[in-house]
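Peer 1: coordinates only, sequence not included:
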């Protein structure tokens with residue numbers, strides 16, 4: 001069954017009731033919310049936190065901070081309308097007195113710790129969370145809670161910025177803050193899979209196109225290294241792009257170079273601009289192409305010739321990367337680009353070749369839909 005935020009907050013709060021206050025050994029990453037605290041459909045922007053979180057500016061050089069950002073990718077049928085984005089942040093200070101001093105000016109804390117918060121104002125009554133708490137409302141309908149618990153200064157923002165003209169429910173915000181306070185009161189070590197949500201966009205029950213991918217990993221072969229599934233984003237993350245499906249990323253640990261797999265509906269390829277650019281590339285001497293016949297589909301691999309790498313792109317304003325494959329499969333078209341990082345080099349760069357693209361194209365397989373629990 002899906003777990004609404006309300007149930008999660010109350011259940012965990014009861015479990016840790018009476019637990020020792022934050023004072024034991026812990027790391028800031030153990031004190032924020034985790035993806036496992038949310039119902040289906042949420043993902044994390046970055047699965048690890050940074051001590052350079054904005055809240056650290058409240059105590060430069062003297063505190064240890066962490067921020068985790070969660071965004072609502074899709075909503076399962078029958079579930080409520082939860083915040084579009086949730087920011088969970090903490091700052092561990094040297095003492096409880098330092099935390100109390102920092103919270104003395106809540107609006108100043110909000111401006112530094114939660115820069116996304118628009119024109120916050122304090123709302124009464126103050127919630128009973130931690131040692132002292134303040135509830136705030138933003139001009140865009142967002143809601144936030146700032147509080148302290150021992151030496152920990154914490155913040156929780158339920159953001160409506162991605163869904164204009166909608167007001168975040170205060171109780172939902174308080175439930176999330178209560179859940180985070182439970183983690184502060186009784187810290188538990190963050191587990192490797194707690195913020196694993198790279199495949200969340202692929203599980204959207206509203207997707208109406210098949211998902212073709214390389215699996216969780218693509219074994220290496222010869223000079224071509226192993227590739228691991230890094231994560232995915234919705235195709236419309238940065239705007240309402242019609243006919244765009246998810247974008248998948250593959251790479252290796254400690255490497256910025258990636259293989260990008262963008263899925264689109266077949267009709268996307270019939271757009272005049274797309275057809276024009278592909279036609280130019282097919283007839284250009286700068287893009288010799290290779291055609292492959294696949295089981296149930298076909299692929300065209302474009303590779304820009306070395307002598308044309310510095311070609312004036314005014315002739316091909318939307319030219320693809322140096323090595324790109326356009327793969328037509330049942331119900332979907334996959335656009336594969338290797339090493340989508342001009343300053344990156346290393347083993348992943350070997351896929352930026354005809355041999356590398358052939359390996360990827362022939363390894364594509366249909367992903368089985370994952371069942372999503374509903375109430």
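Peer 2: The structure has been received and is ready for your questions. Because the structure is a prediction, the values reported are computed rather than measured.
Peer 1: test my guess that residue 35 contacts residue 195.
Peer 2: Yes: counting by Cβ atoms under 8 Å, residue 35 does reach residue 195; the two are 4.7 Å apart. Glycine gets a C-beta too; all of them are placed from N, C-alpha and C.
Peer 1: which residues do the two both contact?
Peer 2: residue 44 (Cβ atoms under 8 Å, 6 or more residues apart in numbering).
Peer 1: more crowded one of the two?
Peer 2: Neighbour totals were compared for residue 35 and residue 195, and residue 195 leads with 22 against 17 (other Cβ atoms under 10 Å).
Peer 1: look at that one and give its secondary structure.
Peer 2: Three-state assignment for residue 195 (DSSP: H, G, I helix; E, B strand; the rest coil): coil.
Peer 1: domains of this structure?
Peer 2: 5-185, 200-366 (automatic domain parsing).
Peer 1: output the below-cut-off pLDDT ranges for the chain.
Peer 2: 1-25, 51, 77-81, 160-166, 237-240, 254-256, 307, 309-321, 339-346, 371-375 (pLDDT under 70).
Peer 1: quick one, helices of it?
Peer 2: Assigned by DSSP state H, the helices in the chain fall at 5-15, 96-102, 106-113, 170-185, 272-282, 354-363.
Peer 1: give the buried residues for the longest one.
Peer 2: Burial within helix 170-185, assessed by neighbour count using 16 or more other Cβ atoms under 10 Å, is assigned to 172-185.
Peer 1: give me the nearest residue to the spatially most central residue of the chain, chain neighbours excluded.
Peer 2: Closest to where the C-alpha atoms of the chain average out (Cα atoms, centre = their mean) is residue 45, at 2.8 Å. Nearest non-adjacent residue to residue 45, counting by Cβ to Cβ, 6 or more residues apart in numbering: residue 69, 4.4 Å away.
Peer 1: contacting residues for the one you found?
Peer 2: If you count contacts by Cβ under 8 Å, 6+ apart, residue 69 has them with 44-46, 85-88.
Peer 1: in PyMOL, select just the buried ones from those.
Peer 2: Applying 16+ other Cβ under 10 Å to the contacts of residue 69 leaves a buried subset, and the PyMOL line that selects it is:
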select buried, resi 44+85+86+87+88
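Peer 1: of the contacts of residue 69, just say which sits nearest to residue 354.
Peer 2: Closest to residue 354 out of the contacts of residue 69 is residue 46 (33.7 Å), distances taken as Cβ to Cβ.
Peer 1: if the closest residue to the closest one other than its chain neighbours is in a bridge, with which residues?
Peer 2: Spatially, and ignoring its direct neighbours in sequence, residue 46 is nearest to residue 69 (7.1 Å; Cβ to Cβ, 6+ apart). In this entry, residue 69 is beta-bridged to residue 87, by DSSP bridges.
Peer 1: picking up where we left off before, show me which of the buried residues of helix 170-185 is closest to residue 121.
Peer 2: Among the buried residues of helix 170-185, residue 173 lies closest to residue 121 (Cβ to Cβ), at 14.4 Å.
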